[in-house]
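sequence first, predicted coordinates after that:
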Amino acid sequence: MAQHCLWILLVCLQTCLEATGKDSNFFKVNGILGESVTFPVSIQEPQQVINIAWSSKTSVAFVVPKDAGRAPTVTVTHQNYFGRLNVSANNYNLVISSLRMEDAGVYQANINIQITASMTNTITKGYDLQVYRRLGKPKITQSLMTFVNNTCNVTLTCSEEKEEKDVTYSWSPLGEESNLLRIFQTSEDQELTYTCTAWNPVSNNSNSISSRQLCADLVMGHRTHHPGLLSVLIVLLLVVLILSSVLLFRFYKKRQGSLLDTFSKSSDAVSKKIVYEYITVSRDAQSAETRIYDEISQPKVGKTSSHDSKSLGTSGYETVI
């Protein structure tokens, strides 16, 4: 019974040691897009490496050491890694260059080592590769701006232009660990510069903004609100006056046209009422008029003196002194 309990204890101890050893051989590796990443193998002397087989979703490469001081032979077994793998001659660390986003994932190295002339052992090491972009300068935007009781209330939002994974934000000098920051600023407060810093596991970048400038813009907008409203009212008044003038002018023209029509109709009516009378003259009146004309036109016939005859037959000039 005691031997049975001892055997169970030894099995449990071995399982715990194996689990601890497995955890100690698993590494988290962060890489930068477009740059290089190294998987540490860290083989310690006097262990002699026979070969190393690298794999991920598929087989990646097979490494065979050469003589001391010479680079090992690396056989790439997947086309996605052609021209991008390198192995250090000193410690057999694997280097992947020109990282791509699809390179992310779990990698495994099966290291076969020579312990004695007749004994070999295999050490397995795992790597969790995460690929990140270098962060650009974060963008700070303003929202929910109010101006109440001479206090400027502004909410600032800090964000990356492209959505990235595992990004955290912090604000200084307040030490806020968030991408949002609310500012309460009065005209008596000193000017402060708020700096937002974006972090990811491989890089960080910052951007700053002045609280005084934010509130100055808000105050200016508040002051220009009423003049702007007054301008709108003046424009509306001008439009109303112009429309009224046009309508009055059209009404006047229409009224004048109606008066002219009335006057012309009245004139036509009067002209239609004119009575033309014809005067007829009797024959007696016409005969009398004829006789009078004859008496005037024809001279009387009688005796005339020779002097008169002469004067009638000849013409002369007399000089009166």
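Received the coordinates, thanks.

in its sheet, what does the biggest strand by length in the chain sit against?
Longest strand in the chain, counting residues (DSSP state E): strand 119-132. Paired strands of strand 119-132, with direction, are strand 26-32 (parallel), strand 105-116 (antiparallel) (DSSP bridges).

next, the buried residues of the longest one.
So that's strand 105-116. For strand 105-116, a neighbour-count test (16 or more other Cβ atoms under 10 Å) marks 107, 108, 109, 111, 113 as buried. Where you see a C-beta, it was placed from the backbone N, CA and C, and this is true even at glycine.

next, work out how far apart the fourth one and residue 49 are.
Looking back up the chat, that one is residue 111. 6 Å (Cβ to Cβ, to the nearest Å).

dump the buried residues of strand 105-116 to CSV, plus distance to residue 94.
Output for the buried residues of strand 105-116, formatted as CSV (distance: Cβ to Cβ, whole Å):
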residue, distance to residue 94
107, 8
108, 11
109, 7
111, 11
113, 16
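
just those residues now: which is nearest residue 134?
The closest of these to residue 134 turns out to be residue 107 (Cβ to Cβ; 22.3 Å).

so residue 138 is in contact with residue 156, correct?
No. Assessed by Cβ atoms under 8 Å, residue 138 is found out of contact with residue 156, at 10.9 Å.

mutual contacts of these two, please.
Residues touching both residue 138 and residue 156 (Cβ atoms under 8 Å, 6 or more residues apart in numbering): residue 196.

quick one: residues contacting residue 174.
Residue 174 touches 181, 194, counting by Cβ under 8 Å, 6+ apart.

I misspoke; the intended subject was residue 81.
Counting by Cβ under 8 Å, 6+ apart, residue 81 touches 60, 61, 96.

gap between it and residue 204?
Per Cβ to Cβ, residue 81 is found 30 Å from residue 204.

where exactly do the helices run in the stretch 101-250 of the chain?
Secondary structure of the stretch 101-250 of the chain by DSSP state H, counting those that start in this stretch: the helices cover 211-223, 225-273.

least reliable of these by average pLDDT, please.
Lowest mean pLDDT of the helices of the stretch 101-250 of the chain: helix 211-223, a mean of 59.

buried residues in stretch 55-73?
Neighbour-count burial for stretch 55-73 [16+ other Cβ under 10 Å]: 55, 56, 60, 61, 63, 65, 72.

and of those residues, the nearest to residue 209?
residue 56 (43.7 Å).

and the closest one, what does it touch?
By Cβ under 8 Å, 6+ apart, the residues touching residue 56 are 105, 106, 107, 108.

check which helix or strand covers residue 34.
Using DSSP states H and E, residue 34 sits in no helix or strand.

ok, it to residue 233 distance?
Distance of residue 34 to residue 233, computed by Cβ to Cβ: 59 Å.

more neighbours: which of these two?
More crowded of residue 34 and residue 233, by other Cβ atoms under 10 Å: residue 34, with 13 against 10.

does that one touch residue 97 like I think?
No. Using Cβ under 8 Å, residue 34 is not in contact with residue 97; the gap is 9.3 Å.
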